[in-house]
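Undergrad: Quick one, structure for this:
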Amino acid sequence: MASSELALKKGLPANIDAERFVLGAILLDDNNFIGVGGVLDLEDFSLEKHRRIWARMADLAKRGERIDRVTLANELMKLGQLESVDGLSYLVELDNGLPQLFALDSYVRIVKDKSILRGIIFTAQKLIDRALMGEEEPDEILGSAEETLLKLGESQARQSLMNTEAILRNYEGGLSVFLDPSKRIKGVSTGFRKLDEMTAGMHEGELIILAARPAMGKTAFALNIAQHVATNPVDPRTVAVFSLEMSKEQLLTRLVCANGRVDQQKFRAGYLNQDERRRLQMSTMGLMQAPLFIDDTAGTHLMDIHAKLRRLQAEHGLGLVVIDYLQLMNAKGKQENRQQEVSTMSRGLKLMAKELRIPFMVLSQLSRAPETRPGDHRPQLSDLRESGSIEQDADVVAFIFREEVYNKDREDLRGKAKLILAKQRNGPTGDVNLIFLREFTKFENPLEDLDEGGGGGE
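TA: Coordinates of the predicted model:
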């Protein structure tokens, strides 16, 4: 990175007064360092002398010592840096012009925003230089850009420490809503009664991993939820589906047939009676009006998805993202191994969900372990393929499990399915009983759930 002074001469974004006021506010009251230190880093300051002052403040804070002009000057002097920050006189002048009632949060935000802008410029310049040199593969350059920009987005999302009063003051609806669960904003309904009861719906910023062995129905289940969210008459929301395995036409066929309860095989063969044609037409007309968007670009990667979602959110709003499936995504650039690549993608998707403040439902493959376990084929968290970081990054991990796949001769298992909630960061784990209608590739609530007043994957 070029020197700060040279950067300023070139007109790069910086606000010296805001930096000075942040440092001055800490010298006035060193308790301010706790909040500021949760947001700003050394490189967020544009001037070298401000970075040195900040570093010495951090050293004092780590040792639990007071931060004031005397201790700070002594710390700088020990390292021979006092003259390089323009001496004690500059430390005295740091709070010159600082209002009696100052807005420290605003100054911190200005410093951080300018730092992010500089980071974007430096990243872009490095990309230009690497592209002009032509010594690397394009995928390597794109991968590096993707990782750097995601980190910049993560740094923007960092917040300072907040006490309980501030948290409650900023809570939407205030204290009365916080204390009354019935008034709280619920998550996005999945359409499955027991699942909604256990999770309170899908919440903003959540990474939901839906995993299963092939042919268990994970795509069907995700599409059932996507269709419910987009066509919910009470609260329809925009849904984006990224399919890396099936074409747009194949997904639309599944959606139309499942919604109209029409046998897919009969539809493909063209053998439909008049009633089935009527249901199919009504289903198609309903979906045509729904805010449901499908992308079937093969080998898509994080920055592709991020750019498309930002545009979609700006134009239509956004309520849910479905990605089918994680192991078919690509991480740009060279990775040491496939496990690291999957880890990069799962972490990137979690950061994206937090930034866009919407739930992400990401489908994932399981290893062959469930099939090799004698007598018990139920999937476990350890069966997630290629990366333990999937479990770490996810807020919810759920498995689709149908015993009938392993015991095809047992009539009592036909059509029975379970959604196993193996992990939930903010709620209970356990099983959700479901009905699977193979001919429609559709999951529904059991009758007992409907009798209790539930909807049902419709």
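
Undergrad: Check this protein and tell me which residue is nearest its centre.
TA: With distances taken as C-alpha atoms, centre = their mean, the residue of the chain nearest its centroid is residue 353 (2.2 Å).

Undergrad: where are the low-confidence patches of the protein?
TA: Within the chain, the stretches with pLDDT under 70 are 1-10, 146-147, 150-186, 330-338, 385-388, 448-458.

Undergrad: Could you chop it up by domain?
TA: 4-157, 186-451 (automatic domain parsing).

Undergrad: in the longest helix anywhere in the chain, what counts as buried?
TA: Taking DSSP state H as the criterion, the chain has its longest helix at helix 104-133. Across helix 104-133, burial judged by 16 or more other C-beta atoms under 10 Å covers 104, 107-108, 110-112, 114-116, 118-119, 123, 130. From N, CA and C alone the C-beta is placed, and that goes for glycine too.

Undergrad: Dump those to a markdown table, plus distance to residue 367.
TA: A markdown table is the format used below for those (distance: C-beta to C-beta, whole Å):
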| residue | distance to residue 367 |
| --- | --- |
| 104 | 50 |
| 107 | 51 |
| 108 | 46 |
| 110 | 49 |
| 111 | 47 |
| 112 | 42 |
| 114 | 47 |
| 115 | 42 |
| 116 | 40 |
| 118 | 44 |
| 119 | 39 |
| 123 | 37 |
| 130 | 37 |
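
Undergrad: Closest one of these to residue 62?
TA: residue 108 (19.9 Å; C-beta to C-beta).

Undergrad: dump the residue contacts of the closest one.
TA: Neighbour list for residue 108: 22, 35, 36, 39, 40, 160 [criterion: C-beta atoms under 8 Å, 6 or more residues apart in numbering].

Undergrad: please redo it, this time with the cut-off set to 10 Å
TA: 18-19, 21-22, 25, 32, 35-36, 38-40, 44, 160 (C-beta atoms under 10 Å, 6 or more residues apart in numbering).

Undergrad: Quick one: buried ones out of those residues?
TA: 18, 19, 21, 22, 25, 32, 35, 36, 39, 40, 44, 160.

Undergrad: From what I see, residue 418 and residue 432 are in contact.
TA: Yes - using C-beta atoms under 10 Å, residue 418 is in contact with residue 432, at 6.7 Å.

Undergrad: The two: who's more crowded?
TA: Taking neighbours as other C-beta atoms under 10 Å, residue 418 and residue 432 compare with residue 432 leading, 22 against 18.

Undergrad: check which helix or strand covers that one.
TA: Using DSSP states H and E, residue 432 sits in strand 430-437.

Undergrad: Skip ahead from the helix or strand containing residue 27 and say which helix or strand is next.
TA: Using DSSP H and E, residue 27 sits in helix 16-28. Next helix or strand after helix 16-28 toward the C-terminus (DSSP H and E): helix 32-37.

Undergrad: next structured bit after that next one?
TA: Next along the chain after helix 32-37, taking DSSP H and E as the criterion, comes helix 48-62.

Undergrad: Quick one: list the elements packing against that following helix.
TA: Applying 3 or more C-beta pairs under 10 Å, 6 or more residues apart in numbering; DSSP states H and E, one finds that helix 48-62 contacts helix 4-9, helix 16-28, helix 32-37, helix 69-78, helix 87-93.

Undergrad: Fine by me, thanks again.
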